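Predicted model, plus sequence, below.
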Amino acid sequence: DASPLNPSDLIYPVFVTDEPEACQEMSSLPGQCRWGVDRLEAFLDPLVSMGLRCVLLFGVFTKKDGAMTRKEGTGALALTEENPVIPALRRLRARFPKLLLMADVCMCAYTSTGHCGILNERGYIDNEISAKRIGEIALAYAKAGAHVVAPSDMMDGRIAAIKDALHGAGLLGEVGVMSYAAKFASGFYGPFRDAVGSAPKGKKKRKTQNRKQKRRRVPRQGRNSR
């Protein structure tokens, strides 16, 4: 027999823009919108009533005269109140006490390069300082009310950096970490990159993800992810 699939089994990705009253349709994801913080509760109310139990929040800068024009290479805006995920977590935690709140942890939506990390002078990811920044973003989300932080870039050392940051703040036992473990380079990411405005500039992201031709390595990489 087929396993039943219920709303409570699903994770709903929600794109939160820095324009508080916005409802922005996305051509790359028909039927979906970027939502402003002030409209999130009304949007989620009927879904939660129908049995939705978990959302995954993605932050988006779309305000032309605001943070979007001030993105820079280190993703520092992700740590501030201008990152719409942070006020959204606080508001949703208060409004929906039984809703599991997950937050995507990546830098691509917050950097001027569109890359998932901080680039060195040669244009490649500086993994050590990037992992540290990922840990800082995860901690900011945890303090704002996230039940689970989900590092989606999954380059080396991300889980360890996040757990170190949570442990240092005394939150490791309260906030879960969802590892994506292994990701393939794929055109299927295109709609999400459009949704969060993170198309990379310069070098492509394929070198930070697994090639489909090397799929046999994925189980080993998943076991070694930390």
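Sure, I can see it.

Point out where this structure drops to low pLDDT.
The model of the chain has pLDDT under 70 over residues 65-69, 181-189, 198-226.

Going along the chain, name the helices of it.
For the chain, applying DSSP state H gives helices covering 40-49, 85-95, 127-144, 158-168, 190-196, 218-224.

Show me what counts as buried in the second one.
Judged by neighbour count (16 or more other Cβ atoms under 10 Å), helix 85-95 contains these buried residues: V85, I86, P87, A88, L89, R90, R91, L92. For every residue, glycine as well, the C-beta is placed using N, CA and C.

what's the burial count for C106?
When neighbours are defined as other Cβ atoms under 10 Å, C106 has 25 of them.

got it, and the one 4 residues further on?
Look at Y110: counted by other Cβ under 10 Å, it has 28 neighbours.

wait, what's in contact with it?
By Cβ atoms under 8 Å, 6 or more residues apart in numbering, the contact set of Y110 is G59, F61, K71, G75, A76, L77, A78, N83.

contacts for stretch 155-164?
Contacts for stretch 155-164 (Cβ under 8 Å, 6+ apart): 105, 116-117, 125, 127-128, 130-132, 134-135, 138-139, 149, 151, 172, 177, 179, 208, 225-226.

hang on, the earlier thing: quick check: which of the helices of the chain is buried the most?
helix 127-144 (a mean of 21; mean count of other Cβ atoms under 10 Å).

tilt between that helix and helix 158-168?
Relative orientation of helix 127-144 versus helix 158-168 (axes from the mean of the first three to the mean of the last three Cα atoms, to 10 degrees): 50 degrees.

could you measure the nearest residue to D153 once chain neighbours are set aside against P13, distance?
Nearest non-adjacent residue to D153, counting by Cβ to Cβ, 6 or more residues apart in numbering: C116, 3.5 Å away. With distances taken as Cβ to Cβ, to the nearest Å, C116 is found 17 Å from P13.

Who has more neighbours out of these two?
Using other Cβ under 10 Å as the criterion, C116 and P13 rank with C116 on top: 25 against 14.

show me the contacts for the more buried one.
C106, M107, C108, I125, S130, S152, D153, M155, K205, T208.

OK, contacts around the second one?
Under the criterion of Cβ under 8 Å, 6+ apart, the neighbours of M107 are G75, A78, H115, C116, G117, I118, S130, R133, I134, I137, D153.

do the same with the fourth one
Taking Cβ under 8 Å, 6+ apart, we find I125 in contact with H115, C116, G117, I118, L119, M155, T208.

Format those as a markdown table; extra columns: distance to L100.
Shown next, in a markdown table, are the contacts of I125 (distance: Cβ to Cβ, whole Å):
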| residue | distance to L100 |
| --- | --- |
| H115 | 29 |
| C116 | 24 |
| G117 | 27 |
| I118 | 30 |
| L119 | 34 |
| M155 | 26 |
| T208 | 28 |
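
and of those residues, the nearest to F192?
C116 (12.3 Å; Cβ to Cβ).
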